[in-house]
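Participant: Return atomic coordinates for the entry below.
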Amino acid sequence: MTGSVQDPKGCFPEGFRAELDLLMRLRRDVRRFRRDPVDEAVLTRCLSAISLAPSVGLSEPWRVIRVQSETARAAALRNFEAANAAALADYSEDRAATYARLKLSGMKEAPVQIAFFCDETTEKGHGLGARTMPEMRRYSVVTAITLFWLALRAEGLGLGWVSVLDPEELSRDLGVPESWRLIGYFCIGHPERLSDTPELELEGWEQRFDALPIETR
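Facilitator: Purely as a prediction, here's the structure:
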């Protein structure tokens, strides 16, 4: 970093820190998208943020599938709808009514859909840091997703993480290697609106902690 970006102590300017805080507050999990196309150059620029993510043993275990064909998208949507119906059936009374109101996927509207997988048998990194905690590879993919998410938000785009899915069925439908494990299915596009409050909180599903729950041992 040059001195024009950071001060001699390595800190970023106050204005930068304030904008970073705003970016994180507006990151939000987006479910409601406009159907406008996403500029490919912008998407490519955001995807490049993945390479900046840390990974255990420098294994870079992330594997990215762009879900574009009508067949693949239809399979993913059927997967979601079946899983969503099963989830609804598990709730009762008021909680079921609230769940039924929630929009948990933008799969019908989002112009870009991407699935992130973890290659759990990658030889890259030579197993460093993953022998006793192999799940670190999956955590590494999540860090890459986080950077991608923030890059999208900085470009005016939103991301929605679809977690109501059967991961094994989706892996089969997308024809990925058996050693890959689904980490997330993502809808990407221009959000209908911006908010610094989670939609689930607005819908009365759950409230955030008032303070960070930190314990001392």
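Participant: middle-most residue in the protein, spatially?
Facilitator: Nearest to the geometric centre of the chain sits residue 161, at 4.8 Å (CA atoms, centre = their mean).
Participant: That residue reaches residue 183, doesn't it?
Facilitator: No: with contacts defined as CB atoms under 8 Å, residue 161 does not count as touching residue 183, sitting 9.7 Å away. The way it works is simple: take the backbone N, C-alpha and C, and place the C-beta from them, glycine included.
Participant: The residue lying closest to residue 30 once chain neighbours are set aside and residue 180, how far apart?
Facilitator: Among residues not flanking residue 30 along the chain, residue 158 sits closest, at 3.2 Å (CB to CB, 6 or more residues apart in numbering). Residue 158 is 26 Å from residue 180, where distance means CB to CB, to the nearest Å.
Participant: go on, residue 131?
Facilitator: Residue 131 is 20 Å from residue 180, by CB to CB.
Participant: same check, this time on residue 100
Facilitator: 33 Å.
Participant: re earlier: of residue 131 and residue 180, who's got more company?
Facilitator: residue 180 (20 against 10; other CB atoms under 10 Å).
Participant: right, and the residue nearest to residue 30 touches residue 191 too?
Facilitator: Yes: counting by CB under 8 Å, a contact exists between residue 158 and residue 191, whose distance comes to 3.6 Å.
Participant: which of these two has more neighbours?
Facilitator: residue 158 (26 against 22).
Participant: Now that one, what are its backbone angles?
Facilitator: Summarising the backbone geometry of residue 158 under the convention degrees, to the nearest 10, its torsions are phi -120, psi 160.
Participant: With residue 175 instead?
Facilitator: Per-residue torsions, residue 175: phi 70, psi 40 (degrees, to the nearest 10).
Participant: buried stuff in stretch 104-113?
Facilitator: For stretch 104-113, burial by neighbour count (16 or more other CB atoms under 10 Å) applies to 104, 105, 106, 107, 109, 110, 111, 112, 113.
Participant: Many thanks, have a good one.
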